[in-house]
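In: Build me a model:
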Amino acid sequence: MTVNSSLQLKNVRLPAWLLPSNWAHDQGVPITANILIKNGLFDEIVPSHLDSRDSGSSDLDAIDSDKVCDLQGRLVLPSLMDAHTHLDKTFTRHRLGTPEPGLLAAIEAMKKDQSLWNKDDLIQRTDRALLEASNHGVSLLRSHVDWHSDEAPFAWQVLGEQTHNWHNKIRLQRVALVPLPFLSSDTQADNIGKQIKASDDAILGGFIHSSNFNAEAIARLVHTAIKFELDLDLHLDEELNPQAKGLGCLLDILETVQFTGRIICSHVCALSQKDDDEASKLLDRIAKQPITLIALPATNLLLQDAVTNITPRQRGLTLVHEAKARGIPVLFANDNVQDAFCPFGVYDPVDALRLGAYSAQLDRVFDEWSQSICRHDWLDSSSPEFTLIGQAADLTVFNTTSAASWPSNETRLLLKNGQWIEAAQPLSSEHFLVKTPSGDTL
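Out: Predicted structure coming up:
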């Protein structure tokens with residue numbers, strides 16, 4: 001590919017978290033950037049007010065005019081990530097009747113539905129989900145898969161096939177969602193660990209709740225991950241019980257071992273019910289470990305403090321502001337989509353972040369919190385430190401210039417490997433043209 005086939009994006013509004021600390025600001029707002037893309041990779045990012053001669057590069061001047069796109073200050077993010085989903089359960093709500101409210105009732109409803117899970121059913125539902133995610137700009141999606149047997153469940157195998165079927169569009173990771181009773185012995189834990197290690201893009205997971213709490217099994221889960229060099233991804237304290245012991249037990253164990261991978265702690269709703277002193281001490285301990293917290297606002301809001309015909313008093317969110325203040329990575333994700341746990345939803349991380357902004361009262365959502373749906377390195381220990389230069393030129397362009405109100409406008413255009421592609425809500429080239437009252441195009 002020659003320079004003439006490169007692409008320059010002008011006047012791009014990138015989030016503050018993605019820019020160098022010395023990036024110029026105008027009235028407290030990062031100035032726009034010019035991005036040079038060559039051979040499908042990000043090659044250069046410079047402030048828009050610096051022309052090619054100021055930046056020491058002649059390549060920007062060498063690009064043909066039809067390969068220059070002026071985004072006029074529109075908001076742009078790297079490719080998106082949905083860090084916590086359940087593809088094996090998705091799009092089943094229509095066949096579940098009316099489940100009782102609450103987390104444990106939803107678990108029972110899904111167990112009954114599993115009799116309908118055959119290959120055609122799983123392929124059809126996961127294809128629909130992955131297509132929807134890809135069309136919204138998702139390049140990495142992580143799905144938990146219920147693991148209720150000694151051998152890999154059928155859904156695990158089907159999603160394994162889907163990792164290959166979809167690899168050109170989306171990276172699909174699998175987490176083995178193992179109940180603690182299935183970790184009752186070292187032999188049983190090793191058997192599961194070996195199967196996960198032999199699987200592509202796979203992570204060891206577990207469901208830790210007051211209803212199944214077992215400190216010995218949690219320790220075995222951690223030691224199995226260390227033994228097989230696996231990351232951990234946990235459903236942890238998904239409840240509003242202030243006496244929940246999962247997080248404290250996990251930290252006790254981690255403080256006696258050396259864990260070199262990444263540990264994901266999803267939900268952690270019970271942390272919001274601890275008194276301030278205990279919660280602060282737990283957060284201080286988390287900050288010393290390779291832990292990322294994931295908040296799942298849709299299911300947190302629907303399943304916690306859920307009683308029929310009674311208005312909920314609790315939001316069920318973990319302490320995202322307090323975690324962020326301590327430098328603990330925080331992600332937002334969709335979790336369940338149209339199943340017993342959540343009858344609503346769409347595979348769009350922006351939708352999850354918007355709901356998080358409402359429920360957790362987030363500020364500077366674009367400039368700060370948008371990294372919670374982009375940072376692969378906060379999710380996956382195999383991902384390098386986050387950067388654009390030298391990486392595939394994948395971008396999500398939103399049809400708005402207002403960072404203050406984002407994500408109120410979610411209409412978007414996608415760039416994949418330096419090529420424009422159709423999104424779920426596509427923009428045509430006309431969206432990038434400004435017309436005067438007389439009808440002239442600027």
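In: What average pLDDT does whichever strand or helix holds residue 413 get?
Out: Taking DSSP states H and E as the criterion, residue 413 maps to strand 412-416. The pLDDT scores in strand 412-416 average 93.
In: Would you mind listing the outside residues contacting the next helix or strand after it?
Out: Note on strand 412-416: by DSSP H and E, the next helix or strand toward the C-terminus is strand 419-421. Contact with strand 419-421 is made by 40, 413-415, as judged by Cβ atoms under 8 Å, 6 or more residues apart in numbering. (Each C-beta comes from the backbone N, C-alpha and C, glycine too.)
In: Go ahead and measure how far the strand holding residue 413 is from the middle of the chain.
Out: 18 Å (Cα atoms, centre = their mean, to the nearest Å).
In: Report the buried residues of the host helix or strand of residue 108.
Out: Per DSSP H and E, residue 108 falls inside helix 103-113. For helix 103-113, a neighbour-count test (16 or more other Cβ atoms under 10 Å) marks 103, 106-107, 109-110, 113 as buried.
In: got it, and stretch 85-100?
Out: Neighbour-count burial for stretch 85-100, counted by 16+ other Cβ under 10 Å, picks out 85-93, 99.
In: Next: stretch 130-142.
Out: By 16+ other Cβ under 10 Å, the buried positions in stretch 130-142 come out as 130, 132-142.
In: Relative to residue 272, which of these is nearest.
Out: The nearest member of the buried residues of stretch 130-142 to residue 272, counting by Cβ to Cβ, is residue 142 at 23.6 Å.
In: what secondary structure does the closest one sit in?
Out: strand (DSSP: H, G, I helix; E, B strand; the rest coil).
In: which residues does it bridge with?
Out: Note on residue 142: beta-bridge partners by DSSP bridges are residue 173.
In: Can you check what pLDDT the model gives it?
Out: pLDDT, residue 142: 98.
In: before we move on, what about residue 163?
Out: On the pLDDT scale, residue 163 gets 97.
In: Double-check that residue 341 belongs to a strand.
Out: No - read with three-state DSSP, residue 341 is coil and lies in no strand.
In: what residues are up against it?
Out: Residue 341 neighbours (Cβ under 8 Å, 6+ apart): 86, 89, 103, 106, 110, 299, 302-303, 335.
In: So which of the residues you listed is the closest to residue 178?
Out: Checking the contacts of residue 341 against residue 178 with Cβ to Cβ, the nearest one is residue 86 at 14.2 Å.
In: Next one: that closest one from residue 207, what distance?
Out: In this view, residue 86 and residue 207 are 12 Å apart by Cβ to Cβ, to the nearest Å.
In: so where do the strands sit in the stretch 151-300 of the chain?
Out: Applying DSSP state E, counting those that start in this stretch to the stretch 151-300 of the chain gives strands spanning 171-179, 202-208, 232-236, 263-267, 291-295.
In: so which of the ones you listed comes closest to residue 68?
Out: Residue 68 lies closest to strand 171-179 among these, at 30.4 Å (Cβ to Cβ).
In: hmm, back to that, for residue 167, state which of the contacts of residue 341 is nearest.
Out: Distances from residue 167 to the contacts of residue 341, taken as Cβ to Cβ, are shortest for residue 86 (20.5 Å).
In: Need the per-residue pLDDT for that closest one.
Out: Looking at residue 86, its pLDDT reads 96.
In: quick one on the thing from earlier: let's have the buried residues of stretch 130-142 in a markdown table, adding distance to residue 409.
Out: Listed next are those as a markdown table, based on distance: Cβ to Cβ, whole Å:
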| residue | distance to residue 409 |
| --- | --- |
| 130 | 25 |
| 132 | 19 |
| 133 | 20 |
| 134 | 21 |
| 135 | 17 |
| 136 | 14 |
| 137 | 14 |
| 138 | 19 |
| 139 | 21 |
| 140 | 24 |
| 141 | 23 |
| 142 | 27 |
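In: In helices, which of these fall?
Out: Judged by DSSP state H, the buried residues of stretch 130-142 include 130, 132-135 as members of helices.
In: what's the most distant pair in those?
Out: Largest separation among those by Cβ to Cβ: 130 and 135, giving 9.6 Å.
In: ok, and the closest non-adjacent residue to residue 91?
Out: Nearest non-adjacent residue to residue 91, counting by Cβ to Cβ, 6 or more residues apart in numbering: residue 125, 4.6 Å away.
In: Name the SS class of that neighbour, please.
Out: For residue 125, the assignment made with three-state DSSP gives helix.
In: what's the pLDDT at it?
Out: Listed pLDDT for residue 125 reads 96.
In: Then residue 316?
Out: pLDDT for residue 316: 88.
In: do the one 4 residues further on as well
Out: Reported pLDDT at residue 320 in the predicted model: 98.
In: Just list the residues touching it, thanks.
Out: 293, 295, 330, 356, 360, 362.
In: re the thing from before, tell me the one of the buried residues of stretch 85-100 nearest residue 326?
Out: residue 85 (26.7 Å).
In: Quick check on that closest one: phi, psi?
Out: phi -140, psi 180 (degrees, to the nearest 10).
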